[in-house]
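Participant: coords below, sequence missing:
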DNA sequence: ATTAGTTTTGAAAGGCTGTTCTATTTTTGT
DNA sequence: ACAAAAATAGAACAGCCTTTCAAAACTAAT
């Protein structure tokens, strides 16, 4: 039995526990779980909690009120893959890795990407750094953004660049922070059709590996 | 009534709640609090919890088991001040700011400092970055460390540098990551007497200000 | 259709928990 | 020394909570 084989109700139960713990900062009681999932019997909740424990998703502390602990870390934001200038963005649906970046940033669908290469090195974003992305359609001039190139038949490739709207040239410039690399210039007409802003970098996190 | 005027037992009670929540990931029950602080009566615990609520340190959810919430954020690590190459390190005893950097780093007495200036710019550590410091006496060659210069009558000034032990010259070199700045060279004999390593940088965190 | 396994209900037992009340002791300020 | 305020103990209550049990409903496979 693995965690994959969780019933629909068990998955909903687990999700509720995660959500409850995030908002309430304590685990829910069996009754609260039952109320949420419209389960009539507390024994029934107990039954599925035992299933979740057997499947390795939670651990239980017998006799203790709210005696539920999550096995996996669910704080922080998901690391959705890696990104490099020009190369496609790999996104995993169910990211196994999570990273804590402070509660203020845990809004909405904020996520993290691992930077590959030195394309943003002059902005002091290094290979291996985590960039925290806040999803949004629009951005200001000079923001570091994840820009997606929409291509027929493909899910689109993404790149990390600084965004500049050049009114005098009637185009958008996606500028890498590396003088060896060229900016991408997109005529205003093609923007919005072939490109869009996926999100904006709000923080950078670097772990120093042990020497 | 402010949080400053907390009795000794109330302070211990609050500290226990904080500690319990960190380790157990849920608030303690009144009885668990009483057991820890050797309070015989649950009514007595209730009394002091009300005091703590009145003093603005916690909030209580009536009738709910473990119905305690902390008002201040206590996750993450404390920001103990700021540091710049050559300039003294300001350390506040009771840091008001906290920063989340992931639970793996919340060990021991790990803390954060705010970097001032561009002395480590070539290592891509910028003005305003947070550096996460893990306290330790020793370090390896090439580690970025907080080095403290012990001075008579002063609490000592600290600086952020790369550490190199130069065996052939029989000295220690504290190297800034800025070619405009000179390294500090300390004869082996003076090291350990006038200098010590306070801790080592294990992570860097940068918040991108909104444009 | 039958059977085995799983899911759901209802009820009840017994321990835990927050709360309240009264009385007693200790501390504090005058 | 005295009075007021704060701290502590003990007991008791009602509601909450987990756990258990027996029985019923449902599902899937044969």
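Facilitator: Sure, I can see it. This one's a predicted model, so the numbers in the text were calculated from it and none came from an experiment.

Participant: Low-confidence regions, chain A specifically.
Facilitator: Applying pLDDT under 70 to chain A flags the ranges A:1-5, A:86-96, A:102-104, A:152-156, A:210-211.

Participant: please redo it, this time with the cut-off set to 80
Facilitator: Applying pLDDT under 80 to chain A flags the ranges A:1-6, A:73-77, A:85-98, A:100-108, A:151-157, A:209-211.

Participant: Report the spatially closest residue to residue A:123, excluding sequence-adjacent ones.
Facilitator: In space, not counting the residues next to it along the chain, residue A:123 is nearest to residue A:177; the distance is 3.9 Å by CB to CB, 6 or more residues apart in numbering or on different chains. Using the backbone N, CA and C atoms, a C-beta is placed for each residue, glycine as well.

Participant: Tally up the residues packed near that neighbour, please.
Facilitator: For residue A:177, the neighbour count with other CB atoms under 10 Å in any protein chain shown is 18.

Participant: Next: residue A:151.
Facilitator: Other residues close to residue A:151 by other CB under 10 Å number 10.

Participant: if I look at it, how far off is chain B?
Facilitator: In this view, residue A:151 and chain B are 28 Å apart by CB to the nearest CB, to the nearest Å.

Participant: Would you agree the residue nearest to residue A:123 falls within a strand?
Facilitator: No - assigned with DSSP: H, G, I helix; E, B strand; the rest coil, residue A:177 falls outside any strand and is coil.

Participant: What helix or strand is residue A:80 located in?
Facilitator: Using DSSP states H and E, the element containing residue A:80 is strand A:77-83.

Participant: Tell me the helix or strand right after that strand.
Facilitator: Next along the chain from strand A:77-83, counting by DSSP H and E, comes strand A:98-99.

Participant: What helices and strands are in contact with that next one?
Facilitator: If contacts are counted by 3 or more CB pairs under 8 Å, 6 or more residues apart in numbering or on different chains; DSSP states H and E, strand A:98-99 sits against strand A:77-83.

Participant: so what's the backbone phi/psi at the residue nearest to residue A:123?
Facilitator: In terms of degrees, to the nearest 10, the main-chain angles of residue A:177 are phi -100, psi 60.

Participant: Now do the same contact list for it.
Facilitator: A:119-123, A:125, A:162 (CB atoms under 8 Å, 6 or more residues apart in numbering or on different chains).

Participant: Mind listing what's buried along stretch A:106-119?
Facilitator: A:110-119 (16 or more other CB atoms under 10 Å in any protein chain shown).

Participant: So which of the contacts of residue A:177 are in helices?
Facilitator: Secondary structure from DSSP state H places none of these in helices.

Participant: about what we covered before: measure the residue nearest to residue A:123 to DNA strand D for me?
Facilitator: In this view, residue A:177 and DNA strand D are 52 Å apart by CB to the nearest atom of the strand, to the nearest Å.

Participant: and the gap between that residue and chain B?
Facilitator: For residue A:177, the distance to chain B - CB to the nearest CB - is 11 Å.

Participant: Please check the contacts of residue A:177 and keep the buried ones.
Facilitator: Using 16+ other CB under 10 Å, the buried ones in those are A:119-121, A:123, A:125, A:162.
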